[in-house]
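K.L.:
Starting from these lines, generate the structure:
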Amino acid sequence: MKIATLNIDWSRKIKKEKIEQFLDSQDFDFLILTEAINLNLANFDFKYLSEQIPENVEYEGLNYSKYLNGEKAYRTIIYSKIPAKKKFSVKDSNTSLALEFETEFGEFVIYATIIGTQFKKKPFAKNELDNCINDCKKISLINPNLIIAGDLNTSFLEDEKYFTINSETTESLKALCQNLNLVNATENIKENIDHIIIPKSFYKNFTEAKVFVKKDILSDHKGVFVSFN
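P.N.:
Numbers count the residues shown, from 1 in each chain. Here you go, the predicted structure:
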């Protein structure tokens, strides 16, 4: 089983057809896109979108319709080869999406999100961090097999503090992992701010974490994936 995540930067610099073609050449069971537009990916039978950012109005200081030349904006989209069993409520449905899936590894929840939709700009980054922590604690009480995936805007490597949105985000996410028995499977990928955090109980089946697309090819982010056997 492979789970991947990529921030496509709203497909502002690369035509969506090129992104679709590249992503369809990969072999993922789940793909989490952030700063996304609605792509048609032939490899996936199911697609779940966060609430659309309101059109033609200023939303959190930005008119996304103008910014994206009329393209509809979705902060998170989950593509899957299998249907979701359940959808969980989240604090900010424009930013986060939480779905439960039943697989050969058992039932687990994918919580897709962005922390720092406008990077360090206040109050958004702090609100998004708090929402993530509160959502994940609540969901974990129902299903502790929680996978957090998306653009967290932070490196977890000690010598890469320049890739960190702020120390509070990094330390709070580390504490969340410890409290909920999670492990960041992508934390050792260098110069990376998009992550996939998995349950410790899944770690025995974890095989690798790698980059599947380098920065500045499809967007200004790396795309990363994790594999389970």
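K.L.:
a helix runs through Phe212, doesn't it?
P.N.:
No - counting by DSSP: H, G, I helix; E, B strand; the rest coil, Phe212 is not part of a helix but strand.
K.L.:
ok, it - contacts?
P.N.:
Contact partners of Phe212, counting by CB atoms under 8 Å, 6 or more residues apart in numbering, are Ala4, Leu6, Gln26, Gly223, Val224, Phe225. The C-beta positions use only the backbone N, C-alpha and C, and glycine is treated the same way.
K.L.:
which residue ranges form the helices in the protein?
P.N.:
With helices called from DSSP state H, the chain shows them at 16-24, 64-67, 124-142, 167-179.
K.L.:
from those, which stretch is densest packed?
P.N.:
Most buried of the helices of the chain, by mean neighbour count (mean count of other CB atoms under 10 Å): helix 124-142, with a mean of 18.
K.L.:
State the distance from the most centrally placed residue in the chain to Thr34.
P.N.:
Note on the chain: the residue nearest the mean C-alpha position is Gly150, at 1.7 Å, using CA atoms, centre = their mean. Per CB to CB, to the nearest Å, Gly150 is found 5 Å from Thr34.
K.L.:
Mind listing the shared neighbours of the two?
P.N.:
Common contacts of Gly150 and Thr34, defined by CB under 8 Å, 6+ apart, comprise Thr5, Asn7, Thr76, Ala112, Thr113, Ile114, Asp194.
K.L.:
thinking again about what came up before, now intersect the contacts of Phe212 with the strands, please.
P.N.:
Mapping those onto strands (DSSP state E) picks out Ala4, Leu6, Gly223, Val224, Phe225.
K.L.:
Farthest-apart pair in those residues, please.
P.N.:
Leu6 and Phe225 (9.0 Å; CB to CB).
K.L.:
Would you list the buried entries among the shared contacts of Gly150 and Thr34?
P.N.:
By neighbour count, with 16 or more other CB atoms under 10 Å, the shared contacts of Gly150 and Thr34 hold Thr5, Asn7, Thr76, Ala112, Thr113, Ile114, Asp194 as buried.
K.L.:
With mean pLDDT and distance to Asp159 as added columns, please give the helices of the chain in JSON lines.
P.N.:
Output for those, formatted as JSON lines (pLDDT from 0 to 100; distance: least, CB to CB, whole Å):
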{"stretch": "helix 16-24", "mean pLDDT": "96", "distance to Asp159": "31"}
{"stretch": "helix 64-67", "mean pLDDT": "95", "distance to Asp159": "34"}
{"stretch": "helix 124-142", "mean pLDDT": "97", "distance to Asp159": "23"}
{"stretch": "helix 167-179", "mean pLDDT": "93", "distance to Asp159": "13"}
